[in-house]
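Test case, fold it:
(2 chains)
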Number of protein chains: 2
Amino acid sequence: MARIEFARGVAEEVIPDVRLTRAPDGSDGTATFYFDHPKALSEDEGVEITGMYMVDEEGEISTREVKGKFIDGKPAGIEVLYVMKDEMEWERFMRFMNRYAEQNGLGFTKS
Amino acid sequence: MARIEFARGVAEEVIPDVRLTRAPDGSDGTATFYFDHPKALSEDEGVEITGMYMVDEEGEISTREVKGKFIDGKPAGIEVLYVMKDEMEWERFMRFMNRYAEQNGLGFTKS
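Here you go, the predicted structure:
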């Protein structure tokens, strides 16, 4: 079970779009997640967001680069940046992403 | 170098959207590619389409389930179905897809 959490133990139900970039030499890369009106921001079920945690059978990877997007003063989305600094981090992230994509019916698209 | 060809030796330059489905028990899955106005259909550089070939450092995987889409009688796109029958085929395909996505800046999105 691959899942994303904004507070530990609470799985986010909204499925993000994920844009990827990678340096041509493979040295570093980024993944930018966008969650449109995630449950973590909802009035009823909102949580105190402490980071974004990607959890799967291998363990957890996380980032603290989480930004809220507001429209007319109301929470509209969450944008998250995850930076990978070498080949090993990229491969670990892709193993998580493939599990998460498979479970949630994500496809690939030009970003 | 991961690439897609519609005729052997001719890399398609247009990047597709790819939708994935998989049986909950992992037994089989599908990938559906859509190429909007691919080079393979163009008047100048069109090729005789014999299938879709996914080529990378491990070798080649291919499918013959290739359909043209026509709008007002003019070629508009190509839709391709690739069926995976077991876990091994799924994993081989995902290794290709990850390489192809990385090279071409594909991201993940809800399909």
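
List the buried residues in stretch A:71-82.
A:75, A:77-78, A:80, A:82 (16 or more other Cβ atoms under 10 Å in any protein chain shown). C-beta: built from backbone N, CA, C; applies to glycine.

Check which helices and strands the lengthiest strand in chain A sits against.
Across chain A, the longest stretch assigned as strand under DSSP state E is strand A:74-84. When contacts are defined as 3 or more Cβ pairs under 8 Å, 6 or more residues apart in numbering or on different chains; DSSP states H and E, strand A:74-84 sits against strand A:29-36, strand A:52-56, strand A:59-63, strand A:66-71, helix A:87-104.

So which elements touch the first one?
Right, the one you point to is strand A:29-36. strand A:17-22, strand A:74-84, helix A:87-104.

And the second one, how far out from the chain middle?
Its chain's C-alpha centre lies 8 Å from the corresponding centre of strand A:74-84 when counted by Cα atoms, centre = their mean, to the nearest Å.

Mind listing the strands that strand pairs with, and their directions?
strand A:29-36 (antiparallel), strand A:66-71 (antiparallel) (DSSP bridges).

quick check: angle from the shortest one to strand A:52-56?
Our comparison of strand A:66-71 with strand A:52-56, counting by axes from the mean of the first three to the mean of the last three Cα atoms, to 10 degrees, yields an angle of 120 degrees.

neighbouring contacts of strand A:66-71?
A:6, A:41, A:49, A:51-52, A:75-80 (Cβ atoms under 8 Å, 6 or more residues apart in numbering or on different chains).

so how far is residue A:54 from the residue nearest the centre of chain A?
For chain A, the residue sitting closest to the mean C-alpha position, by Cα atoms, centre = their mean, is residue A:33 at 4.8 Å. Relative to residue A:54, residue A:33 is positioned 9 Å away (criterion: Cβ to Cβ, to the nearest Å).

now swap in residue A:90 and tell me
From residue A:90 to residue A:54 the distance is 14 Å (Cβ to Cβ).

circling back: and the strands paired with strand A:74-84: which comes nearest residue B:95?
Go through those one by one with Cβ to Cβ and the one that ends up closest to residue B:95 is strand A:29-36, at 17.2 Å.

Would you verify that residue A:44 is located in a strand?
No: under DSSP: H, G, I helix; E, B strand; the rest coil, residue A:44 sits outside any strand and is assigned coil.

sorry, back to before: quick one: average pLDDT of the longest strand of chain A?
For strand A:74-84, the mean pLDDT works out to 94.

Now tell me what touches it from outside.
Contacts for strand A:74-84 (Cβ under 8 Å, 6+ apart): A:6, A:16, A:28-38, A:40-41, A:49, A:52, A:54, A:61, A:63, A:65-70, A:90, A:93.

Return the members of these classed as buried.
Of the contacts of strand A:74-84, these count as buried by 16+ other Cβ under 10 Å: A:6, A:16, A:29, A:31-35, A:38, A:40-41, A:49, A:52, A:54, A:61, A:66, A:90, A:93.

near chain B, which residues of chain A show up?
Taking Cβ under 8 Å from any Cβ of the partner chain as the contact definition, chain A meets chain B at A:15, A:17-22, A:94, A:97-98, A:101-102, A:104-111.

10 Å instead, please
Proximity of chain A to chain B (Cβ under 10 Å from any Cβ of the partner chain) is limited to residues A:14-22, A:24, A:26, A:29, A:31-34, A:36, A:90-91, A:94-95, A:97-98, A:100-111.
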